[in-house]
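>>> Have a look; sequence and predicted model below, questions after that.
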Amino acid sequence: MAGFRKALSKPNSTLVGAAIGTGMAAQAASRGGADFILALNAGRLRSMGAPSIFSLLALRNSNDFVLDFARSEILPLAKVPIFFGTSAFDPRSSIDAELERIADAGFGAVVNFPTAIFLDGRFRADIERAGLGFQRELDLLRAAQNRGMATLAYVRTVTEAQQAAQAGVDIINLNLGWNVGGSVGSRSGLSLTEAAEYAKIVFRQIRGISEETLCVLEGGPIVSPDQMYEVSVAAKADGYIGGSTIDRVPLEASMEQITSAFKSVGTLQKRIDELERQLEHVQREYAIVGRSPSIQQIKQRIEKLAASPLPVLISGEAGTGKKLLARAIHEAARRAGSKLISAPTAEPSGEPLFGSAPVEGGRKVLGLLQYHPKATLLIENVETLSVDAQERLIEVIETGIYRRLGDNDRGRFEGRLILTSTQPLAELESTKQLIPSLESRLAPGHVFLPNLRDRLEDLPLLAEHFLHALRKDRRSRKLSVDHSAYRVLMTYSWPENIRELRSVLETAAIRCEGDWITAEHLPPLDDADVAEAHPADEREWILDALQRHRFRRGEAARYLGISRKTLYNKMRAYGLPLQPRENP
């Protein structure tokens, strides 16, 4: 047992046990990071389509049943310790004889399962009175310890937990009831908060008796890694055992991933999905639509740029969404009382920005820096400013002081500067449209917005976003884009970028009388053929989408705006490979 305990003593790690009944589940759970496995009749019954509660019925000799599949499937494949689910219900079998049979088969650990703790009322009382209940299970665990076997006890009440701790059991598993969720899941009488509070009380009693005993949780309302983490932290549990949550609730294909998630959540404290939720939150809050790599990177930079006092330069072609990104950065900064003020630079001198002294008795001109000293100023087309205006802008960035044109009166600006340009920073530098000192100050906060034609994978999301906004603003019917229209949209170069896409969809929505926008509803696009594409062109179109997404048909279908079934049928019709060909 010393070696077994050493294997489970991992600092800063949450123990995860997998209660399963097949070799495939054992392999997947081991790869996912499970610390130990429970070979239970309930796991085998679940794989046969029955709920876990069937494990309590006298359907067959439980120990023979478990021995048959655990010895042939789980023992040879699992790379972690295995607890043998041992029944103590049968009055005809000797505890010592059963343990000897289990040990001879190669198992070095046992757990009391099926167990009387799931019984209640008069039936439980009669079982206990007959000497075949929880006390006999404790006798089984004590006898196993005397043989040098590791032990794990299922308990449900404080009294059962205290008795198991006094018996010297190595791991005590507080079962919170049959798992909820899935098609055959039970109902739970406990909320997550109630489960955590109850577990905290039980574990305190256990540790008051034996500080060395490991305390783990299972069942009830816990069906996800987030919920496990929430309850485990509150209850100060050493780990978690997943049965239905590992081999029934998730699909078999995701068994390895869900076990890994349960394992990693204890040490990392956050799942990778949390990062994705943060990105989606940014998209919803700031309307930054898209999942292409370039847009994902921009989403991740929004909060960082917002928290920094650096000036921001947003470059990109007309219509790429520079103003939208500027607003996102401004809103993410959450500066109390600050407004976003747009400052077009039609005047190369920068007079609207800096202001000017009165000329020949005229009135002086207040500049935006003076009029809005604490605002976020959006200066568009910064490359059109004169050299003098750019030098004055450098002074504002470096000192917070601005000089008015004409008399050089000074004032203080405490706000934020966001600048835009229709040309990339490197091009501004090479063409000397920006003075070197301004270019170097803007480089750290530079964000480049790519053209729509360079991130066409975002077009379906953008189309859905614009149609949703159109429906909301004008209370129009729900519209969707047909694959024939997507085929045209995907072949167009979009010289005016996102702005043009929105205009095209608004026009199509007016022309469309049904629920689907087809190619015939689109306005004429110069370099796109609105007519039905030639089969050879469509084949290349589909092949390009498959190659872009490494032949992942689901992603390719979403990119093309068609269903997976339609994509599959077209692939067969055009003789396209179902997976990428290996290079010779």
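Ah, there it is. Numbering: from 1, shown residues only.

>>> surely residue 421 meets residue 313?
Yes - if you go by CB atoms under 8 Å, residue 421 and residue 313 touch, sitting 6.6 Å apart. C-betas here are computed from N, CA, C, even on glycine.

>>> Can you check which residues contact both of those two?
Counting by CB atoms under 8 Å, 6 or more residues apart in numbering, the residues touching both residue 421 and residue 313 are residue 382.

>>> State the distance from the closest residue to residue 443 other than its chain neighbours to residue 416.
Residue nearest to residue 443 in three dimensions, not counting chain neighbours: residue 425, with 6.4 Å by CB to CB, 6 or more residues apart in numbering. Between residue 425 and residue 416 the computed distance is 19 Å (CB to CB, to the nearest Å).

>>> Just want to know which of these two has more residues nearby.
Taking neighbours as other CB atoms under 10 Å, residue 425 and residue 416 compare with residue 416 leading, 22 against 17.

>>> ok, what's across the strand from that one?
Residue 416 forms beta bridges with residue 376, as assigned by DSSP bridges.

>>> Report how many residues lie close to residue 14.
24.

>>> next one: residue 70
By the measure other CB under 10 Å, the count of residues near residue 70 is 31.

>>> go on, residue 469?
Using other CB under 10 Å, residue 469 is surrounded by 14 other residues.

>>> State the phi and psi torsions of it.
For residue 469, the backbone dihedrals are phi -60, psi -40 (criterion: degrees, to the nearest 10).

>>> and the gap between it and residue 289?
Residue 469 sits 10 Å away from residue 289, going by CB to CB.

>>> start to end distance for stretch 488-495?
15 Å (CA to CA, to the nearest Å).

>>> buried stuff in it?
Going by neighbour count (16 or more other CB atoms under 10 Å), the buried part of stretch 488-495 is 488, 489, 490, 492, 494.

>>> for stretch 108-122, same thing?
The neighbour-count check on stretch 108-122 (16+ other CB under 10 Å) flags 108, 109, 110, 111, 112, 113, 114, 115, 116, 117, 118, 119 as buried.

>>> From the rest of the structure, what touches the helix or strand that contains residue 378?
Element membership of residue 378 [criterion: DSSP states H and E] is strand 376-380. Around strand 376-380, the neighbours that count as contacts under CB under 8 Å, 6+ apart are 322-323, 326, 330, 333, 335, 338-345, 353, 368-369, 393, 415-420.

>>> Centre of the chain to that strand, how far?
Here strand 376-380 is found 34 Å from its chain centre; the criterion is CA atoms, centre = their mean, to the nearest Å.

>>> can I get the CA coordinates of it in PDB?
Extracted in PDB, the C-alpha atoms of strand 376-380 (Å, rounded to 0.1, in the frame of the first residue of the first chain):
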ATOM      1  CA  THR A 376     -10.500  59.500 -26.500                       C
ATOM      2  CA  LEU A 377      -9.800  61.300 -29.700                       C
ATOM      3  CA  LEU A 378     -10.000  59.200 -32.900                       C
ATOM      4  CA  ILE A 379      -7.700  60.900 -35.500                       C
ATOM      5  CA  GLU A 380      -8.500  59.500 -38.900                       C
END
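
>>> after it, next one along is what?
helix 387-399.

>>> report the angle between the axes of that following helix and strand 376-380?
Angle of helix 387-399 versus strand 376-380, following axes from the mean of the first three to the mean of the last three CA atoms, to 10 degrees, is 150 degrees.
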